[in-house]
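Novice: Please work out how this folds:
(chains A and B)
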Amino acid sequence: MISGEEERMDAAGIPYMIRPGKGPEGSVLDLLGQLIGSGGADALLLPFRVPSGDSFAWIMFSDVSLLKDAVPFPATMPVQGGRALRSLTRKEKGKLRIIALMRPCEIRAGMELSKLGQVNTENLILASYDCPGAVKLEDYVADPVSCDSAHSEMRSRGEPSGNARSACSTCVDFSMVDADIHFGYFGIKDGGMLVLPGSPAGRALLEGLNLEEGRGLLPQWEAEISRLAERRAATREETFRETAERISGFDGMLATFSNCIGCHNCQSACPICYCRLCYFDSEVSRTDPEALITAAEKRGGISIPPDRIMFHTGRLAHMSLSCVSCGQCSDACPVSIPVADVFSFVAERTQRAFDYKSGRSDGEALPLRRFLKNELDGVHEMVKDAESEASPNE
Amino acid sequence: MNKEFVPRITSFLCKWCSYTGADLAGTSRLQYSASIIPIQVMCSSRVDPVFLLKAYLSGSDGVLLGGCHPGDCHYETGNYHTRRRFAIVREVFESLGLESDRLRLSWISASEGPKFARIANEFTEEIRLLGENPTRKSIFL
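Specialist: Numbers count the residues shown, from 1 in each chain, chains lettered A, B, ... in the order given. This next block holds a predicted model:
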């Protein structure tokens, strides 16, 4: 369970460490096995390689003998972990106490879904890890073997490489997020690893394990994380600048989105778009044939079906406040539209407008769930003059 | 071809304040711009961001959203939510380099017939200066 900021700070007091030997992957699996063995949790939710060999699936299990087949740090992100958490807890808190090991953006999506009433974190233990980025699905399916080695190279350098998602190269939330436990291994020599509790629940679990105290490793890990964060922040700024230039104006929107085939994959893959019936899949969103004829007469012609631009701008208006910039949308796009670049760029701006940061567990309600009586003066600034004149009944 | 540009302004007006304000302007025989195309909604917060986008992308030169003054909402808090949603749409427009000045949110009470007429005229004039909505002639949408 995730608690407030103060508790988290208290809880984060005692970092543990695991000595080099098995490497981060082996150490994480060992530790998760111990947690199940000690009765700290009932089940695990981890990625496994699928039988076809070119993808991964979330598997929930309690039989520790399966643990050896789990892939704790998978190269790709076929199903966003936030969705997996929703499948498990969308009705009420889970019956089992489950430890889920996920990328930071997956946990952040889970936090947003929890605020949207789609995930219940009460019986979940969320574990995150230093994430170097995910390889594009397209590349991975084409050549899993070389992508796996590219990903292991990414893990050792702590940085996304050429076939990583663009969203990963621009990600600055790739390390500790508001999870119960965080595994930190960037910048730590010889495969040693930090185990950081992030909540009282996480701390209680780790206390039972006789782990070594790991304060000594903190400085090198922290230094590496901030070095990597700076580099990714620079890439982020550069990518956003290019994106802003490319999409600017209606013509820019057309240049970016006009090859959209209208499959709505970006929406189905998005962890935040949880609505059972999206407006854009509903009957009311379909333009009446008569109206198409009228529009064609007025414009001289019209693309059929229409509303490509409306779909994307509409999604931006609907979900950008909760966007965690995971990049699922770009990965799901069959015509390689840089959806995630646009969404991340706009999301940063809409979230900033409300002083909001998606994916936190600070108990702050979603911006659209609350309001202040006096705010956003600029929004109706155009009528300020009119406003200042006393209206007849005031 | 030389016809003077007459803007079309899709206006979502809440039943309790802004639409009644528009009615008052009419019954008071106030002259206001014929560019306003009113659509009555039960509350300004009924207007989903997509409605504003749909109006814009369908070629409306301006989109006006009218609600009760803050604190006066018939449903108590509807217009506070409207304000937040409208802010998001504006921010999306600005991020995408679209003309956010074509969108306007105004608080017009049921007794403010003259204010409605003035806003209608002012906004029409502003839109006239901005010119035609660039999406109007696009065959790709």
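Novice: Let me know how buried residue 110 is, in neighbour terms.
Specialist: In the absence of a named chain, chain A is used. Per other Cβ atoms under 10 Å in any protein chain shown, the neighbour tally for residue A:110 reads 33. For every residue, glycine as well, the C-beta is placed using N, CA and C.
Novice: um, chain B though
Specialist: The number of residues packed near residue B:110 is 21, by other Cβ under 10 Å.
Novice: ok, for it, nearest residue in space, not its chain neighbours?
Specialist: Excluding its sequence neighbours, the residue lying closest to residue B:110 (Cβ to Cβ, 6 or more residues apart in numbering or on different chains) is residue B:20, at 3.8 Å.
Novice: next helix or strand past whatever helix or strand the one you found lives in?
Specialist: For residue B:20, the element it lies in under DSSP states H and E is helix B:18-27. Remark: after helix B:18-27, the chain's next helix or strand is strand B:36-41, criterion DSSP H and E.
Novice: per-residue confidence averaged over that following strand?
Specialist: Per-residue pLDDT over strand B:36-41 has a mean of 97.
Novice: which other residues reach whatever helix or strand comes next after it?
Specialist: For strand B:36-41, the following helix or strand on the C-terminal side (DSSP H and E) is helix B:49-57. Helix B:49-57 has contacts (Cβ atoms under 8 Å, 6 or more residues apart in numbering or on different chains) with A:279, A:285, A:307, A:309-310, A:313-314, A:317-318, B:10, B:12, B:63, B:65, B:85-86, B:88-89, B:92, B:98, B:102-103, B:133, B:135, B:141.
Novice: now the angle from helix B:49-57 to strand B:36-41?
Specialist: Here helix B:49-57 runs at an angle of 160 degrees relative to strand B:36-41 (axes from the mean of the first three to the mean of the last three Cα atoms, to 10 degrees).
Novice: Now the element after helix B:49-57, going C-ward?
Specialist: Once the chain leaves helix B:49-57, the next helix or strand it forms, by DSSP H and E, is strand B:62-67.
Novice: what's the angle from the helix or strand following that following strand to strand B:62-67?
Specialist: Toward the C-terminus, strand B:62-67 is succeeded by helix B:78-95 as the next helix or strand (DSSP H and E). Counting by the same axes, to 10 degrees, helix B:78-95 points 160 degrees away from the direction of strand B:62-67.
Novice: Remind me what helix B:78-95 packs against, helices and strands.
Specialist: In terms of contacts (3 or more Cβ pairs under 8 Å, 6 or more residues apart in numbering or on different chains; DSSP states H and E), helix B:78-95 is packed against helix A:308-319, helix A:339-353, helix B:49-57, strand B:62-67, strand B:103-107.
Novice: To residue A:263, which of the ones you listed lies closest?
Specialist: helix A:308-319 (10.5 Å; Cβ to Cβ).
Novice: Give the rounded mean pLDDT of the closest one.
Specialist: The pLDDT scores in helix A:308-319 average 95.
Novice: For chain B, tell me whether it is touching it.
Specialist: Yes. Applying Cβ under 8 Å from any Cβ of the partner chain, one finds helix A:308-319 touching chain B at A:308, A:309, A:310, A:313, A:314, A:316, A:317, A:318.
Novice: quick one on the thing from earlier: just checking, the residue nearest to residue B:110 touches residue B:116?
Specialist: No. Judged on Cβ atoms under 8 Å, residue B:20 makes no contact with residue B:116 at a distance of 9.3 Å.
Novice: circling back to that earlier point, among the helices and strands packed on helix B:78-95, which is the most enclosed?
Specialist: Mean neighbours per residue, mean count of other Cβ atoms under 10 Å in any protein chain shown, is largest over those for strand B:62-67, with a mean of 28.
Novice: do it and chain A meet?
Specialist: No. Using Cβ under 8 Å from any Cβ, strand B:62-67 stays clear of chain A, with a minimum separation of 9.3 Å.
Novice: Could you list every helix and strand in contact with that strand?
Specialist: Counting contacts by 3+ Cβ pairs under 8 Å, 6+ apart, strand B:62-67 packs against strand B:9-14, helix B:18-27, helix B:49-57, helix B:78-95, strand B:103-107, helix B:113-130.
Novice: picking that back up, list the buried residues for the helix holding residue B:20?
Specialist: Residues of helix B:18-27 classed as buried by neighbour count (16 or more other Cβ atoms under 10 Å in any protein chain shown): B:18, B:19, B:20, B:21, B:22, B:23, B:24, B:25.
Novice: and the residues you listed as JSON lines, adding distance to residue A:142 and pLDDT?
Specialist: Below are the buried residues of helix B:18-27 laid out as JSON lines (distance: Cβ to Cβ, whole Å; pLDDT from 0 to 100):
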{"residue": "B:18", "distance to residue A:142": "56", "pLDDT": "97"}
{"residue": "B:19", "distance to residue A:142": "58", "pLDDT": "97"}
{"residue": "B:20", "distance to residue A:142": "62", "pLDDT": "97"}
{"residue": "B:21", "distance to residue A:142": "61", "pLDDT": "97"}
{"residue": "B:22", "distance to residue A:142": "60", "pLDDT": "97"}
{"residue": "B:23", "distance to residue A:142": "64", "pLDDT": "97"}
{"residue": "B:24", "distance to residue A:142": "66", "pLDDT": "97"}
{"residue": "B:25", "distance to residue A:142": "64", "pLDDT": "97"}
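Novice: possible to save these as TSV with distance to residue A:372?
Specialist: Listed next are the buried residues of helix B:18-27 as TSV, based on distance: Cβ to Cβ, whole Å:
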residue	distance to residue A:372
B:18	22
B:19	27
B:20	27
B:21	25
B:22	29
B:23	31
B:24	30
B:25	31
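Novice: I'd like to know how far the residue most central in space within chain B sits from residue B:124.
Specialist: The residue lying closest to the centre of chain B (Cα atoms, centre = their mean) is residue B:64, at 0.5 Å. Applying Cβ to Cβ, to the nearest Å, the value for residue B:64 to residue B:124 is 10 Å.
Novice: who's in contact with the nearest residue to residue A:311 once chain neighbours are set aside?
Specialist: If the residues on either side of it in the chain are set aside, residue A:311 comes closest to residue A:280, at 5.2 Å by Cβ to Cβ, 6+ apart. The contact partners of residue A:280, by Cβ under 8 Å, 6+ apart, come to A:264, A:267, A:307, A:311, A:314, A:315.
Novice: Could you identify the most distant pair in the residues you listed?
Specialist: Among the contacts of residue A:280, A:267 and A:307 lie farthest apart (Cβ to Cβ), at 13.2 Å.
Novice: Look at the closest residue to residue B:139 other than its chain neighbours and say how many residues are nearby.
Specialist: In this structure, residue B:139 finds its nearest non-sequential neighbour in residue A:301, 4.0 Å apart by Cβ to Cβ, 6+ apart. By other Cβ under 10 Å, the residues close to residue A:301 number 13.
Novice: returning to what we had before: distance to residue A:154 for the helices and strands packed on helix B:78-95 - can I get that in JSON lines?
Specialist: Listed next are the helices and strands packed on helix B:78-95 as JSON lines, based on distance: least, Cβ to Cβ, whole Å:
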{"stretch": "helix A:308-319", "distance to residue A:154": "28"}
{"stretch": "helix A:339-353", "distance to residue A:154": "18"}
{"stretch": "helix B:49-57", "distance to residue A:154": "38"}
{"stretch": "strand B:62-67", "distance to residue A:154": "46"}
{"stretch": "strand B:103-107", "distance to residue A:154": "43"}
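Novice: re earlier: overlap of the contact sets of residue B:64 and residue B:124?
Specialist: Both residue B:64 and residue B:124 are in contact with B:9, B:36, where contact means Cβ under 8 Å, 6+ apart.
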